[in-house]
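>>> Below is the structure, and that's it, no one-letter string:
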């Protein structure tokens, strides 16, 4: 397996509707080594920024689909190679993992099989060397208070792990290998 793709120095533009949330989010991105810009002004974001200047553009959950599509199309026309993340994650730490995931080498994904059904998560791994596997559950309660729970953490080479999961409105699973987020799925 090759070394994971690095994301240090990758250029990110975060677009959202709440400036305070954007400031918190880009602060976390900067601590991880990303170079960031952000905008809460949807009327001027396309004139204030150019897709050629970024490796990834994050478009927040609060932006309507039609506006997301317009922004995505416009930035892709400026830079066909720019990656777009349409905010799946309602929790800042999880959105950070979602951003990191876009830069991860596919070699990790090829040696890991994930099967989800309504009540179970089954993970089968077939690594050539030992790796640390972490499975996290993120959830929001009715007051939109975030909770992050580690369901499983171990060093593995080969094997199968099955965990019961309880689906919910705002529940997500994140699978992390060697501190690299591989996938995030809504339950």
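Okay, I see it. None of these values were measured; they are calculated from a predicted model.

>>> Quick check: pLDDT value at the residue of the chain most remote from its centre.
Relative to the mean C-alpha coordinate of the chain, counting by Cα atoms, centre = their mean, the farthest residue is residue 47 (26.4 Å). For residue 47, the model assigns a pLDDT of 95.

>>> in what helix or strand does it lie?
helix 45-48 (DSSP states H and E).

>>> by contact count, what packs against that helix?
helix 65-78 (3 or more Cβ pairs under 8 Å, 6 or more residues apart in numbering; DSSP states H and E). Any C-beta I mention is one placed from the backbone N, CA and C, and that applies to glycine too.

>>> Check which element follows the helix it packs on along the chain.
strand 83-86.

>>> So for that next one, mean pLDDT?
Strand 83-86 comes out at a mean pLDDT of 89.

>>> Over to stretch 18-29?
Mean predicted confidence for stretch 18-29 is 90.

>>> Name the surrounding residues that touch that stretch.
Applying Cβ atoms under 8 Å, 6 or more residues apart in numbering, the set of residues contacting stretch 18-29 from outside is 12, 14, 16, 36-40, 58, 60, 62, 92-93, 95-96, 99.

>>> quick revisit: the residue farthest from the centre of the chain and residue 14, how far apart?
Distance, residue 47 to residue 14, by Cβ to Cβ, to the nearest Å: 17 Å.

>>> just residue 27 next, same as before
Taken as Cβ to Cβ, the span from residue 27 to residue 14 is 11 Å.

>>> Of the two, which one has the most company?
Neighbour count, other Cβ atoms under 10 Å: between residue 27 and residue 14, residue 14 has more, with 25 against 11.

>>> where does the more buried one fall, phi/psi-wise?
phi -100, psi 130 (degrees, to the nearest 10).

>>> Tell me if I'm right that it and residue 58 touch.
Yes. Counting by Cβ atoms under 8 Å, residue 14 does reach residue 58; the two are 4.6 Å apart.

>>> Flag the helix or strand of the chain with the lowest per-element mean pLDDT.
Ranked by mean pLDDT, DSSP states H and E, the weakest helix or strand in the chain is helix 107-110, scoring a mean of 59.

>>> Pull out the buried residues from the host helix or strand of residue 13.
Following DSSP H and E, one finds residue 13 within strand 11-15. Across strand 11-15, burial judged by 16 or more other Cβ atoms under 10 Å covers 12, 13, 14, 15.

>>> pLDDT wise, what is the third one at?
Think residue 14. For residue 14, the predicted pLDDT is 95.
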